[in-house]
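1. return a 3D structure for these sequence lines:
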Amino acid sequence: MLGLMANLAEVMSRDVVTIEPFDTIGHAAEKMVNEGVSAIVVSDGGRLIGIVTERDLTRAVAGRVHTSEARVREWMTADPVTLSKDSTPAEAAKIMQSRPTRSRRFRSCSTAGSGTCP
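-> As a prediction, the model looks like this:
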């Protein structure tokens, strides 16, 4: 079915949950739980600078950091791979196939590719 779609705009999420880099990872985890998401986009002044995933939070907890003190910028995945909303599902699949297994998921942002998020 994805092969029949014209572009990613037809399948991507438009409501992106964001957090600032200076927020705590505890706040990030709380937002993720409240919003029912497994990742949260890190934006600085509306500019996409990273993403925090459940895996990032697991690394932080395993490192025995205090969730009320550790900052998102310290544990986020910086400079995530993005595609424009005009990219095709085939282009996304090709990139996902070329990445390590744990990196084969895209988190969408309605302005991905322009470096900004709502």
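2. quick one, phi psi at the spatially most central residue of the chain?
-> In the chain, the C-alpha nearest the mean C-alpha coordinate belongs to residue 51, at 3.9 Å (C-alpha atoms, centre = their mean). Dihedral pair for residue 51: phi -150, psi 140, per degrees, to the nearest 10.
3. now the nearest residue to it once chain neighbours are set aside: which helix or strand?
-> Spatially, and ignoring its direct neighbours in sequence, residue 51 is nearest to residue 80 (4.7 Å; C-beta to C-beta, 6 or more residues apart in numbering). Placement of C-beta: from N, CA and C, glycine included. Per DSSP states H and E: residue 80 is located in neither a helix nor a strand.
4. from the structure, what's the count of residues near residue 80?
-> Neighbour count for residue 80, taken as other C-beta atoms under 10 Å: 19.
5. would you map the helices across this structure?
-> Here the chain has its helices, by DSSP state H, at 25-35, 54-62, 72-75, 89-98.
6. wait, which of those helices is closest to residue 12?
-> Nearest to residue 12, of all the helices of the chain, is helix 89-98, at 9.5 Å by C-beta to C-beta.
7. restricting to C-alpha, output that closest one in CSV.
-> Below are the C-alpha coordinates for helix 89-98, written out as CSV (Å, rounded to 0.1, in the frame of the first residue of the first chain):
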residue,chain,number,x,y,z
PRO,A,89,7.8,6.1,0.9
ALA,A,90,10.3,4.3,-1.4
GLU,A,91,13.0,6.9,-0.5
ALA,A,92,12.3,6.5,3.2
ALA,A,93,12.4,2.7,2.9
LYS,A,94,15.8,2.9,1.1
ILE,A,95,17.3,5.0,3.9
MET,A,96,15.8,2.8,6.6
GLN,A,97,17.3,-0.3,5.0
SER,A,98,20.8,1.3,4.9
